[in-house]
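Q: No letters, just coordinates:
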């Protein structure tokens, strides 16, 4: 009856030790890790006492109905596990901002399903009916009142479009309010019918709710969250977790992997536990009867994300994150990306920013600092495209162009020209001087980030 780490629970399951007593288990944190840990606990519970699992999708759940089912005596024999995935009874306005950040990050990474799930959870913290509300149409005051944080700048219509692309979820109005939490607390305190158990998984929870405090004190709460950041300790923890998932998946297929392929694999996948498992399964199946996965198998089956890594490098530079720039630079070089290819990427980036900044300085159409994405897409961009001078320079998604124009606002043409000259000097060094490419590029980025931007 406490808050325990995922690793502690897995150790208990592996050793066959007695499980923490209780009638409810909560898993929170990284979604795949929650699901995987809950799967293992569920298997152990059913091995101890056979029964049935009642799976409930939290995205379409009516929590009041789930509670009623939990309190009812089942006609089925054995243990009855009520398992709610992506539960929303522990969210509140206090986590609305975290949910919005999760949604925007997932959308930027092209993960529409994850973004939509976070948006729905955020809307429910305020009891907003998505079928009747446009997030983009909310004023600053309305947004602050509903979600308890400042309305993000720019055009938010992408969120409405994303939500409209999927069938509507159930909005029963009995989400994470205190009333419902109190009802769950009273039901568990009074005792559930013999054999009934509640398993909850959730990416985001408000730890200040009474229900969370009650579960932590009287039941079992499993922390499946993973630290984020670029420190050595965080990177080591993430890599250790990914290695654990890879080795477990390989063991299921009775396969091994060439140690030389492991680091390449992690560099290509990044910290995405689901992707690690799926790609490992794909490699194991590709090997067929061979016992060991080789570097050649990896090259054939796992996509090379070098272009994405190069994009990350320009993104880190534009955000003035020197430490991240040097980290990504080292990774690219370790992956075998040629130093001249890295220079070419930066040169193209600076040239585009120089074009965008030059366009902004034109009298017509008038660029305005702080211009919204909606105004950019509806007025400014069409006016630019009607000018033959800019043909071929404004390709791509309108929102991506808007973000590039916004970045260019912080730069000056003089600084960009100076940076291009630095790149040319570095290219001469790479081609003519007996210096290690890593040293030339690291010195270049230190000079670039140390110079004047605007």
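A: Structure's in. What do you need? Please read all numbers here as calculations on a predicted model, not as lab measurements. Numbering: from 1, shown residues only.
Q: can you pull the buried residues of stretch 42-52?
A: 42, 45, 51 (16 or more other Cβ atoms under 10 Å). Every residue, glycine included, has its C-beta placed from N, CA and C.
Q: do the same with stretch 26-45
A: Neighbour-count burial for stretch 26-45 [16+ other Cβ under 10 Å]: 26-38, 41-42, 45.
Q: looking only at pLDDT, what's the mean for that stretch?
A: For stretch 26-45, the per-residue pLDDT values average out at 93.
Q: Please work out which residues outside it touch it.
A: 6, 9-10, 13, 19, 25, 53, 79, 81, 83, 85-86, 90, 114, 197, 199-205, 212, 215, 219-226, 241, 273-274, 277 (Cβ atoms under 8 Å, 6 or more residues apart in numbering).
Q: quick revisit: so which of the buried residues of stretch 26-45 is the closest to residue 379?
A: Using Cβ to Cβ, residue 31 is the member of those that lies nearest residue 379, at 39.6 Å.
Q: re the thing from before, what about the buried residues of stretch 42-52, which are in strands?
A: residue 51 (DSSP state E).
Q: any idea which of the buried residues of stretch 42-52 is the one closest to residue 99?
A: The closest of the buried residues of stretch 42-52, once distances to residue 99 are taken by Cβ to Cβ, is residue 42, at 26.4 Å.
Q: Report the contact partners of the residue positioned nearest the centre of the chain.
A: The centre of the chain sits closest to residue 106, judged by Cα atoms, centre = their mean, with a distance of 5.1 Å. Contact analysis of residue 106 by Cβ under 8 Å, 6+ apart lists 112, 114-115, 118.
Q: Would you check those residues and say which has the weakest pLDDT?
A: Out of the contacts of residue 106, that is residue 112, at 78.
Q: mind checking how far the residue lying closest to that residue once chain neighbours are set aside is from residue 31?
A: For residue 112, ignoring the flanking residues on the chain, the nearest one in space by Cβ to Cβ, 6 or more residues apart in numbering is residue 162 at 6.1 Å. Between residue 162 and residue 31 the computed distance is 18 Å (Cβ to Cβ, to the nearest Å).
Q: still on that earlier bit, if I look at the residue nearest to the centre of the chain, how far off is residue 377?
A: To residue 377, residue 106 is 22 Å away according to Cβ to Cβ.
Q: Break the chain down into its domains, please.
A: 3-90+175-224, 93-164, 237-304, 307-450 (automatic domain parsing).
Q: Check these for me: which has the lowest mean pLDDT.
A: Across those, domain 93-164 gives the lowest mean pLDDT, at a mean of 80.
Q: Give me the distance between the two termini of it.
A: One end of domain 93-164 to the other measures 23 Å (Cα to Cα, to the nearest Å).
Q: Show me where the stretch 1-150 of the chain has its helices.
A: 6-15, 31-48, 63-71, 96-108, 112-125, 140-147 (DSSP state H, counting those that start in this stretch).
Q: actually the stretch 201-350 of the chain, not the one I typed
A: 210-218, 232-253, 259-269, 273-287, 295-301, 306-318, 322-334, 339-360.
Q: still on that earlier bit, residue contacts, the residue nearest to residue 112?
A: Contacts of residue 162 (Cβ under 8 Å, 6+ apart): 107, 112, 115-116, 119.
Q: Shouldn't residue 194 be within a helix?
A: No: looking at residue 194 with DSSP: H, G, I helix; E, B strand; the rest coil, it is coil, so not inside a helix.
Q: hmm, what's the outermost residue in the chain?
A: Max radial position in the chain (Cα atoms, centre = their mean) goes to residue 432, at 42.8 Å.
Q: where's it relative to residue 426, distance?
A: Shown here: residue 432 relative to residue 426, a distance of 11 Å by Cβ to Cβ.
Q: so what's residue 242 up against?
A: 266, 269, 271, 273, 276.
Q: Residue 372 is in contact with residue 154, isn't it?
A: Yes: using Cβ atoms under 8 Å, residue 372 is in contact with residue 154, at 5.7 Å.
Q: Looking at these two, which one has more neighbours?
A: Taking other Cβ atoms under 10 Å, residue 372 and residue 154 do not tie; residue 154 has more neighbours (18 against 15).
Q: give the contact list for the more buried one.
A: 372-374, 402.
Q: which SS state does it fall under?
A: coil.
Q: Against residue 377, how distant is it?
A: Following Cβ to Cβ, the distance that separates residue 154 from residue 377 is 10 Å.
Q: overlap in contacts of the two?
A: Looking at what touches both residue 154 and residue 377 (by Cβ under 8 Å, 6+ apart), the common residues are residue 402.
Q: Of the helices of the stretch 1-150 of the chain, which is nearest residue 418?
A: Of these, the one closest to residue 418 (Cβ to Cβ) turns out to be helix 96-108, at 30.1 Å.
Q: gap between that closest one and the chain center?
A: Mean-position distance between helix 96-108 and its chain equals 8 Å (Cα atoms, centre = their mean, to the nearest Å).
Q: Flag every buried residue along that helix.
A: Buried residues in helix 96-108 (16+ other Cβ under 10 Å): 96-100, 102-104, 106-107.
Q: Throw those into TSV and include distance to residue 336, thanks.
A: Converted to TSV, the buried residues of helix 96-108 look like this (distance: Cβ to Cβ, whole Å):
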residue	distance to residue 336
96	43
97	40
98	37
99	39
100	38
102	33
103	35
104	33
106	30
107	31
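Q: Pick the one among these closest to residue 282.
A: The closest of the buried residues of helix 96-108 to residue 282 turns out to be residue 106 (Cβ to Cβ; 22.6 Å).
Q: can you tell me how far that closest one sits from residue 57?
A: 18 Å.
Q: got it, and residue 237?
A: Remark: distance between residue 237 and residue 57 (Cβ to Cβ) = 30 Å.
Q: Those two: who's more crowded?
A: Counted by other Cβ under 10 Å, residue 237 and residue 57 do not tie: residue 237 has more neighbours, with 16 against 12.
Q: Hmm, that one is touching residue 227, no?
A: Yes: with contact defined as Cβ under 8 Å, residue 237 counts as touching residue 227 (5.8 Å).
Q: shared neighbours of these two, which are they?
A: Between them, residue 237 and residue 227 share no contacting residue, judged by Cβ under 8 Å, 6+ apart.
Q: so what's residue 271 closest to, chain neighbours aside?
A: residue 238 (4.8 Å).
Q: Hmm, that neighbour is touching residue 226, no?
A: Yes: counting by Cβ under 8 Å, residue 238 touches residue 226, with 6.3 Å between them.
Q: what do those two both touch?
A: residue 271.
Q: So what does residue 423 have for phi and psi?
A: phi -60, psi -40 (degrees, to the nearest 10).
Q: And for residue 30?
A: Dihedral angles (degrees, to the nearest 10) for residue 30: phi -60, psi 130.
Q: how close does it get to residue 416?
A: 40 Å.
Q: Quick one: residues contacting residue 369.
A: Per Cβ under 8 Å, 6+ apart, neighbours of residue 369: residue 409.
Q: Look at it and tell me its secondary structure.
A: Three-state call for residue 369 (three-state DSSP): coil.
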